[in-house]
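*Asks:* Can you look at this prediction? I've put the sequence above it.
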Amino acid sequence: MTQTLDRPGSDVESRVGAWVSSFQDALSARDVAAAVSLFADECYWRDLVSFTWNIATVEGRDEVADLLTTVLDRVDPANFAVDGEPTSADGVDEAWLTFETAAGRGTGHVRLKDGKAWTLLTTLDELKGYEENRRERRPFGTEHGANPARVTWKETREQEAEELGYTRQPEVVIIGGGQGGIALAARLRQLGVPAIVIERNERPGDSWRKRYKSLALHDPVWYDHLPYIPFPENWPVFAPKDKLGDWLEMYTRVMEINYWGSTAAESATFDEAEDRWTVTVQRDRGDGPEEVVLRPRQLVFAMGVSGKPNRPTFPGMETFRGEIQHSSEHAGPAGYEGKKIVVIGSNNSAFDICGAAWEVGADVTMVQRSSTHIIKSDTLMELGLGSLYSEQAVANGIDTRTADLVFASLPYRIMADFQRPTYDEAKVRDKEFYDKLREAGFALDFGDDDSGLFMKYLRRGSGYYIDVGAAQLVADGEVKLVNGQVQEFTETGVRLTDGTELEADLVVLATGYRSMITSVADIIGEEMAQRVGKVWGLGSDTTKDPGPWEGEQRNMWKPTQQRNLWFHGGNLHQSRHYSLYLALQLKARQEGLDTPVYKLQPSHHEE
Ligand SMILES: Cc1cc2nc3c(=O)[nH]c(=O)nc-3n(C[C@H](O)[C@H](O)[C@H](O)COP(=O)(O)OP(=O)(O)OC[C@H]3O[C@@H](n4cnc5c(N)ncnc54)[C@H](O)[C@@H]3O)c2cc1C
């Protein structure tokens, strides 16, 4: 899309200005019909907490009318105004907006077609009266003057660490201290919400350190920043996993997060009468595990969307003389130099593991069970992410927040249409590469509707490889490729359903991960897990994302069917962006604000 910046006072400015003032007038007059008339027949309004106390998208004028009829009085939107200069391209006017509600201040974004709203995004930035202590409101840090009862920052921190969870209960317990739990805890700290992060591993960053040796982030640095502390300008484009682990450890410390490492969450029950959880954890402070019972108001699971290994079982596994590892247990190929490795699966982990094994001289075979989407990393960076997340984007003045909001402004229903051109172009640009892979027998796809990587990620969280080089090994036959399904293990390897036998010293099951709710069920019990339903997916009715249409990521960052139970996670971008909205929802509840949820999502169960 070519964008033209119209001059101040130009047509686009008056078109957008007229829309915004009519919209505000209609809202102020509580005139739902007038407000709805400002939307196009095809329209989408995505709200992140500001109007709905939910993360929700309404589609079409009838749903816009329903939203407004339900919430308008209580939300009391005011001061809708254009922020910065609107732009216009291909018949679509775009503008950033600012607005206020009774509870907070927000940022908006609108796309107009023929003067009517096609897409509208409204997001809550902060709660009135509970703004973060940043910039001019930053803490003083010390107390000037003389005070015999002076307590230092260190003493205060140590006292907090001793008390919280024992003599004083946290408002929020976050189970899972990967980057998701850490980012959310950082936001809560800034909002003054006492929180404890419970993490099975010893140290922050261990969830990355424990992954296979060759892993580096698949997404580039511009996409990966954490809230508050962006990576420095000399940070590598693709952070190696252990370096990221160290960053998370540093971040946890300097952001003053109450992080309970070597602590496993065992069970959580909700006391309706007291409106509190009872969370039982085993905490090891160096003298062996000790049971601690926590009584938080709110419970957040951040146990990883790719947290629970999907570990299929096959007949004969017990008779196999070699080693079997799920990809999450595979440290690397050390010890398998010159030996036979069979990797079951053909997505990110499978390719990374095959590539590393080939590098040490192992004899590697990949078993492809179903088709996979592959996009070359440099192509993805240039065509897919470059306009928002790149050095060029930074030079163009697109900071991380702006990029995140642009991304958020695209409703999921039509996001595939925005994604498809990238992959159409990739097919042309990397034709030779794709042809060679197909010739090698690799089953390629670009998603059910050719919309590529990101839609696959949002819908099913699997089925792709961002190629950082290992695909060429498959195309060249350096990594052998076999298509088929494993039927059983033999003493010496695996047998596929078509009778093919593959000898192996090591079989790696790169068979992916299961929905977070499956590991959460071990803690909250099956009955509550059933009530909450599936976590992740949009309900797009594409492969592994069964309908009905939800229009948002199921159960992520928003109220669920269980009061005071929340989910957080996703990739670094999502965790950074959505942790704000989850933190604001938790803060509002801590302060006892009225938070009626518009359109609480129903639960769904199919994985
Ligand atoms: C091989 C691989 C490569 C990836 N590459 C990228 C990438 O390049 N960019 C990207 O953004 N994402 C990537 N991801 C996705 C990745 O999973 C997430 O970005 C990130 O790890 C998610 O963070 P999280 O905090 O949500 O979950 P996790 O990092 O999985 O953390 C969950 C934590 O919960 C803890 N936990 C679980 N159960 C309990 C319990 N009962 N008690 C206490 N603690 C518990 C676990 O120990 C773990 O530390 C990759 C994933 C994998 C598997």
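*Replies:* Structure received.

*Asks:* For residue 191, give me its contacts.
*Replies:* Going by CB atoms under 8 Å, 6 or more residues apart in numbering, residue 191 touches 130, 132, 583, 584, 586, 587. Every C-beta, even on glycine, is put in place using the N, C-alpha and C of the backbone.

*Asks:* Residue 15 too?
*Replies:* Applying CB under 8 Å, 6+ apart to residue 15 gives the contacts 86, 93, 112, 115.

*Asks:* Give me every residue in the chain that's in contact range of the ligand.
*Replies:* Contacts of the chain with the ligand, taken as CB under 6 Å from any ligand atom, map to 175-181, 198-201, 207, 211, 215, 217-219, 264-265, 302-307, 348-349, 519, 569, 571-572.

*Asks:* okay, the contacts of residue 15 in a markdown table with distance to residue 450, neighbour count and pLDDT next?
*Replies:* Converted to a markdown table, the contacts of residue 15 look like this (distance: CB to CB, whole Å; neighbours: other CB atoms under 10 Å; pLDDT from 0 to 100):
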| residue | distance to residue 450 | neighbour count | pLDDT |
| --- | --- | --- | --- |
| 86 | 32 | 26 | 97 |
| 93 | 28 | 23 | 98 |
| 112 | 28 | 26 | 98 |
| 115 | 32 | 13 | 96 |
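
*Asks:* For the residue positioned nearest the centre of the chain, list the residues it contacts.
*Replies:* When CA atoms, centre = their mean is applied to the chain, the residue found nearest the centroid is residue 570 (2.2 Å). Contacts of residue 570 were listed using CB under 8 Å, 6+ apart, and they are 180, 305, 553, 556, 578.

*Asks:* Please list the members of those that lie in helices.
*Replies:* Judged by DSSP state H, these include 180, 578 as members of helices.

*Asks:* Select, from the contacts of residue 570, the two members most distant in space.
*Replies:* Spatial extent of the contacts of residue 570 (CB to CB) is set by the pair 180 and 553 at 13.2 Å.

*Asks:* who has more neighbours, those two?
*Replies:* residue 180 (31 against 25; other CB atoms under 10 Å).

*Asks:* for the stretch 301-450 of the chain, what spans make up the strands?
*Replies:* 308-309, 323-326, 340-344, 363-368, 373-376 (DSSP state E, counting those that start in this stretch).

*Asks:* what's the closest of those to residue 23?
*Replies:* Closest of the strands of the stretch 301-450 of the chain to residue 23 is strand 373-376, at 38.8 Å (criterion: CB to CB).

*Asks:* Give me the contact list for the closest one.
*Replies:* Here strand 373-376 makes contact (CB under 8 Å, 6+ apart) with 384, 423, 426, 430, 433-434, 437, 442, 444-447, 452-453, 456, 463-467, 471.

*Asks:* what's near enough to touch residue 332?
*Replies:* Contacts of residue 332 (CB under 8 Å, 6+ apart): 212, 213, 214, 356.

*Asks:* circling back to that earlier point, need the strands of the stretch 301-450 of the chain in JSON lines (columns: mean pLDDT and mean neighbour count).
*Replies:* Output for the strands of the stretch 301-450 of the chain, formatted as JSON lines (pLDDT from 0 to 100; neighbours: other CB atoms under 10 Å):
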{"stretch": "strand 308-309", "mean pLDDT": "88", "mean neighbour count": "17"}
{"stretch": "strand 323-326", "mean pLDDT": "97", "mean neighbour count": "17"}
{"stretch": "strand 340-344", "mean pLDDT": "98", "mean neighbour count": "24"}
{"stretch": "strand 363-368", "mean pLDDT": "98", "mean neighbour count": "23"}
{"stretch": "strand 373-376", "mean pLDDT": "97", "mean neighbour count": "24"}
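
*Asks:* Please produce TSV containing those strands, extended by distance to residue 293.
*Replies:* Formatted as TSV, the strands of the stretch 301-450 of the chain follow (distance: least, CB to CB, whole Å):
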stretch	distance to residue 293
strand 308-309	25
strand 323-326	32
strand 340-344	41
strand 363-368	46
strand 373-376	46
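
*Asks:* where does the stretch 1-150 of the chain dip in pLDDT?
*Replies:* For the stretch 1-150 of the chain, applying pLDDT under 70 flags the ranges 1-9.

*Asks:* Can you name the residue of it nearest to the ligand?
*Replies:* Nearest to the ligand in the stretch 1-150 of the chain, going by CB to the nearest ligand atom, is residue 55, at a distance of 16.8 Å.
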